[in-house]
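**Student:** Output the structure for:
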Amino acid sequence: MTSRTLKTALAVSVALNVFLVAGGAAVWVKTRDAARAEQSSRSSRTETVMELVNARSPAVAEPLKEKLRAIALMARPDFEQARAARREAINITASDDFDAEKVDALLATSRAAEARGRAVLESGAVRVLAEQQPDDRKALARILARHRTSKAKAEKPAEK
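**Tutor:** A predicted model of the protein is given here:
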């Protein structure tokens, strides 16, 4: 091999190594940032409403628990209707008597019932938050988050 060929091979090797290091660093930074973003959203999503309430003083927490439980009980029939309609849609889909229109209607019923239940929960929570002192209201604001509002959901593995 000539000196010129060796120099060219060395230059190509150095350029390739620099490219690989830069690419690896970019992937590492992107992965790290994604992990940080996921961790910050996970911590706010997995905190249950009652954990947020229990972090307040007992004088604040106990009345809050009672009010929030009463609101949840008011919303329960809507969520039960939503689950029942969805179960029926699944059963019809899995049966030999599949009827696409009926399944669509059941799923629409399920979505509407869930939306009604969520509206009851959210409007009740807003009423309860309006009664709180500013510091408590600010600390409890995350109860309005839509993701994983119960410990069971937070700990439940993903279904396949």
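**Student:** Name the residues of stretch 73-83 that are buried.
**Tutor:** Under the neighbour-count criterion of 16 or more other C-beta atoms under 10 Å, stretch 73-83 has 75, 78, 79, 81, 82 buried. In this view, the C-beta of every residue, glycine as well, is placed from N, C-alpha and C.
**Student:** Columns secondary structure on top of these, output as TSV?
**Tutor:** Listed next are the buried residues of stretch 73-83 as TSV, based on DSSP: H, G, I helix; E, B strand; the rest coil:
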residue	secondary structure
75	helix
78	helix
79	helix
81	helix
82	helix
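**Student:** Quick check: next helix or strand after the longest helix along the chain?
**Tutor:** Longest helix of the chain, by residue count under DSSP state H: helix 3-46. Next along the chain after helix 3-46, taking DSSP states H and E as the criterion, comes helix 49-54.
**Student:** now that following helix, how far from the centre of its chain.
**Tutor:** Taking C-alpha atoms, centre = their mean, to the nearest Å, the mean C-alpha location of helix 49-54 is offset from the chain mean by 17 Å.
**Student:** helices or strands next to that helix in the packing?
**Tutor:** Here helix 49-54 touches helix 58-94, helix 134-140, going by 3 or more C-beta pairs under 8 Å, 6 or more residues apart in numbering; DSSP states H and E.
**Student:** buried sites along it?
**Tutor:** Using 16+ other C-beta under 10 Å as the test for burial, helix 49-54 gives 49, 50, 52, 53.
**Student:** Which two among those are spaced furthest apart?
**Tutor:** 50 and 52 (7.2 Å; C-beta to C-beta).
**Student:** For these two, list the residues in contact with both.
**Tutor:** Between them, residue 50 and residue 52 share no contacting residue under C-beta atoms under 8 Å, 6 or more residues apart in numbering.
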